[in-house]
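K.L.:
dropping the sequence and predicted coords here.
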Amino acid sequence: MDWTVAKLVEATGGRLLQGNPDLPVTGISTDTRLMQPGSCFVALPGERYDGHRFIMDALARNATAFIISSARPEGCLPAPDKVSVIEVQDTLYALGKLAGYWRRQHLIPVVGITGSNGKTSTKEMVGAILSVRHRVLKNEGNFNNLIGVPLTLLSLQPHHEVAVVEMGINVPGEMARLVEMSDPTVGLITNIYPAHLEGLHSMEQILQEKSKLWMALKEGALAVVNRDDERLVRVAGTLKARTITYSLQDPSARVKLAGEVEMREGWTTFPLLLGTERISVRLPVLGLHQVQNAIAAAAVAWGMGESPETVARGLSSYQPVKQRMQMHHLRDGRVVIDDSYNANPGSTFAAVQAACTASAGKPLVVVLGEMRELGPESARLHWELGQKIAALGVARLITLGEMGKEIVRGAEEGGMPAAACHHAQDHEEILDFLKANRVANEWVLVKGSRAMAMERVVEGILAE
């Protein structure tokens with residue numbers, strides 16, 4: 001199906017202010033820097049920039065149609081008669097409507113993935129397995145919000161045989177919109193942990209919102225259930241959709257870990273049971289949490305009809321996501337684990353545990369930026385993380401950000417020597433401290449919330 005102005009009006013429910021309804025449109029764009037001639041420019045409002053201010057740029061790039069808001073700034077109506085202009089109440093909502101309209105022209109399976117931790121890595125693992133036999137569309141990076149998901153769906157083409165869509169939310173109502181536009185046939189919720197509590201307020205609200213992915217599944221669709229998360233098990237008992245379970249620990253799960261996990265030189269190996277069939281998995285990334293992501297991905301693919309051999313082959317071909325347990329071996333024998341993309345209490349502790357195991361007795365330095373968006377419970381959650389880290393026996397703990405002080409306080413009260421803890425004022429101080437206290441063959445784990453830009457620490461170490 002090709003877009004026309006008339007179809008844009010039909011999809012959005014907007015009002016055509018000017019232009020030819022039969023005019024063909026080559027694509028949908030929200031960024032004038034990336035748009036192609038003949039596209040429709042959707043003017044999205046933003047925190048810092050309003051897309052309506054870029055209408056002249058879109059005209060200069062030969063946009064043929066515009067979707068604008070009825071609440072647009074004064075003087076933002078494109079003038080040339082040759083272009084078509086559609087007015088809607090909310091351009092962001094209209095973008096989602098366009099995506100839903102386009103998705104329903106492609107009668108293919110759509111895998112929806114959400115959860116507090118592991119969404120992006122699991123999405124990439126599912127994509128790796130399904131790509132063995134199919135042409136797969138998936139979000140770029142973690143392009144997973146009310147802008148990223150519709151733009152992903154709008155890139156569906158006739159050659160795609162399956163789509164894998166990561167869905168991230170910060171506030172109530174977002175998941176309902178994401179599932180409305182994506183119409184998933186498979187739904188996976190990886191886990192429920194404290195994350196985005198500023199917008200979602202409580203664990204129960206996180207569960208309620210993320211569960212809307214499962215609630216949207218039609219009869220005959222597939223819900224993939226983590227039996228290691230009691231909250232998700234409780235919700236799964238109410239579903240109309242077909243279910244398949246997976247677990248690291250529960251022997252009743254249909255897809256489960258079947259033996260010891262080994263981690264060495266950037267690889268994690270483990271046996272996996274798919275029903276009654278046992279396979280060996282060699283995963284090119286470290287961490288028990290990544291094993292759980294892999295088992296979830298295996299359950300999705302196996303539940304969709306992929307063979308155990310395809311699952312094993314796909315997981316071995318998985319490409320680790322940048323800044324997620326990404327290993328760098330330095331010439332002086334040190335190892336840096338870059339897990340700096342983002343952080344919450346669950347993912348941070350999982351990363352520290354994985355680094356402890358993988359370092360195999362070598363000194364481990366943990367560098368943590370504070371975790372954002374945790375709301376009123378932030379101080380307590382940082383303190384508890386420090387307590388847990390103290391019990392792991394890491395060699396040194398370095399923190400950044402006001403809440404980083406709470407991690408240090410928790411670690412010291414948990415028994416970690418004060419001399420092994422250091423709170424830094426900025427990235428440069430962390431780098432100076434690491435350089436001054438360098439130990440032969442040490443491992444350094446770097447992690448923190450996106451806003452803390454902890455990748456600057458990794459870049460500084462690698463630049464030495």
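P.N.:
Yep, it's here.
K.L.:
low pLDDT regions in the stretch 1-150 of the chain?
P.N.:
The stretch 1-150 of the chain contains residues with pLDDT under 70 at 1, 75, 78.
K.L.:
tell me where the stretch 201-350 of the chain has helices.
P.N.:
Assigned by DSSP state H, counting those that start in this stretch, the helices in the stretch 201-350 of the chain fall at 203-210, 212-215, 230-236, 288-303, 308-316, 345-359.
K.L.:
who's in contact with the closest residue to S29 other than its chain neighbours?
P.N.:
Nearest non-adjacent residue to S29, counting by Cβ to Cβ, 6 or more residues apart in numbering: M35, 3.6 Å away. Every residue, glycine included, has its C-beta placed from N, CA and C. Counting by Cβ atoms under 8 Å, 6 or more residues apart in numbering, M35 makes contact with G27, S29, F41, A58, R61, A63.
K.L.:
rerun at 7 Å
P.N.:
M35 is in contact with S29, F41, A58, R61, A63, counting by Cβ atoms under 7 Å, 6 or more residues apart in numbering.
K.L.:
ok, which of the helices of the stretch 201-350 of the chain comes nearest R135?
P.N.:
Counting by Cβ to Cβ, R135 lies closest to helix 308-316 out of the helices of the stretch 201-350 of the chain; the figure is 14.0 Å.
K.L.:
check which residues of the closest one are buried.
P.N.:
P308, T310, V311, A312, R313, G314, L315, S316 (16 or more other Cβ atoms under 10 Å).
K.L.:
how about those, which pair is most distant?
P.N.:
Greatest spatial distance in those: P308 and S316, 12.8 Å, computed using Cβ to Cβ.
K.L.:
for the residue nearest the centre of the chain, what is the enclosing helix or strand?
P.N.:
Geometric centre of the chain, nearest residue: T120, 3.7 Å, by Cα atoms, centre = their mean. For T120, the element it lies in under DSSP states H and E is helix 119-130.
K.L.:
quick one: distance of that helix to the chain centre.
P.N.:
10 Å (Cα atoms, centre = their mean, to the nearest Å).
K.L.:
ditto for stretch 129-146
P.N.:
How far stretch 129-146 lies from its chain's middle: 12 Å, per Cα atoms, centre = their mean.
K.L.:
any idea how far L445 is from the residue lying closest to G448 once chain neighbours are set aside?
P.N.:
Spatial nearest neighbour of G448, excluding adjacent residues (Cβ to Cβ, 6+ apart): G369 at 2.3 Å. Relative to L445, G369 is positioned 12 Å away (Cβ to Cβ, to the nearest Å).
K.L.:
which one of the two has more residues nearby?
P.N.:
Higher neighbour count among G369 and L445: G369, with 29 against 25, using other Cβ atoms under 10 Å.
K.L.:
partner residues bridging that one?
P.N.:
Beta bridges link G369 to L400 when assigned by DSSP bridges.
K.L.:
quick one, what contacts it?
P.N.:
Shown in contact with G369 (Cβ under 7 Å, 6+ apart): L400, G401, G404, G448, S449, M452, M454.
K.L.:
which of those scores worst on pLDDT?
P.N.:
Lowest in pLDDT among the contacts of G369 is S449, which has 91.
K.L.:
got a list of what it touches?
P.N.:
By Cβ under 7 Å, 6+ apart, the contact list for S449 reads N342, A343, G369, E370, M371, R372.
K.L.:
now E209: closest residue in space that isn't a chain neighbour?
P.N.:
Among residues not flanking E209 along the chain, M175 sits closest, at 5.0 Å (Cβ to Cβ, 6+ apart).
K.L.:
and K362, what's its pLDDT?
P.N.:
pLDDT for K362: 94.
K.L.:
any idea of the pLDDT on the nearest residue to it once chain neighbours are set aside?
P.N.:
Leaving aside its chain neighbours, K362 sits nearest to N441 (5.2 Å; criterion: Cβ to Cβ, 6+ apart). Residue-level confidence at N441 comes out at 93, pLDDT.
K.L.:
counting neighbours, what do you get for N441?
P.N.:
Residues lying near N441 (other Cβ under 10 Å) number 12.
K.L.:
I'd assumed it was in a strand, is it?
P.N.:
No - according to DSSP: H, G, I helix; E, B strand; the rest coil, N441 belongs to no strand; its state is coil.
K.L.:
wouldn't it be in contact with G361 here?
P.N.:
No - applying Cβ atoms under 7 Å, one finds N441 not in contact with G361, separated by 10.0 Å.
K.L.:
now for the residue nearest to A390 when sequence neighbours are not counted: which residues touch it?
P.N.:
Excluding the flanking residues, the one nearest A390 by Cβ to Cβ, 6+ apart is G414, at 3.1 Å. Shown in contact with G414 (Cβ under 7 Å, 6+ apart): G386, Q387, A390, A391.
K.L.:
just the ones of those residues in helices?
P.N.:
G386, Q387, A390 (DSSP state H).
K.L.:
quick one, strands of the stretch 151-300 of the chain?
P.N.:
For the stretch 151-300 of the chain, strands defined by DSSP state E, counting those that start in this stretch occupy the ranges 162-166, 186-189, 222-226, 242-247, 255-257, 262-264, 267-274, 277-283.
K.L.:
for E10, see how far away V446 is.
P.N.:
Taking Cβ to Cβ, one finds V446 at 49 Å from E10.
K.L.:
quick revisit: residues making contact with the helix holding T120?
P.N.:
With Cβ under 7 Å, 6+ apart, helix 119-130 has contacts from 111, 113, 136, 138-139, 142, 144, 162, 164, 166, 168, 190, 290, 293-294, 296-297, 300-301, 306, 310-311, 314-315, 317-319, 321, 324.
K.L.:
below-threshold pLDDT in the stretch 201-350 of the chain: ranges please.
P.N.:
Along the stretch 201-350 of the chain, the model assigns pLDDT under 70 to residues 201.
K.L.:
make it 90
P.N.:
Counting by pLDDT under 90, the stretch 201-350 of the chain has low-confidence residues at 201-206, 219, 263-266, 286-289, 320-325, 341-342, 344, 346-347.
K.L.:
V446 and E10: which is more packed in?
P.N.:
For the pair V446 and E10, the greater number of neighbours falls to V446 (28 against 13), based on other Cβ under 10 Å.
K.L.:
which neighbouring elements make contact with the helix or strand containing that one?
P.N.:
Assessed by DSSP H and E, V446 sits inside strand 443-447. Applying 3 or more Cβ pairs under 7 Å, 6 or more residues apart in numbering; DSSP states H and E, we find strand 443-447 packed against strand 335-339, helix 345-359, strand 364-369, helix 455-463.
K.L.:
and those: which comes nearest R278?
P.N.:
R278 sits nearest to helix 345-359 of all the helices and strands packed on strand 443-447, at 23.2 Å, using Cβ to Cβ.
K.L.:
how far off centre is the closest one?
P.N.:
Taking Cα atoms, centre = their mean, one finds the center of helix 345-359 at 18 Å from the center of the full chain.
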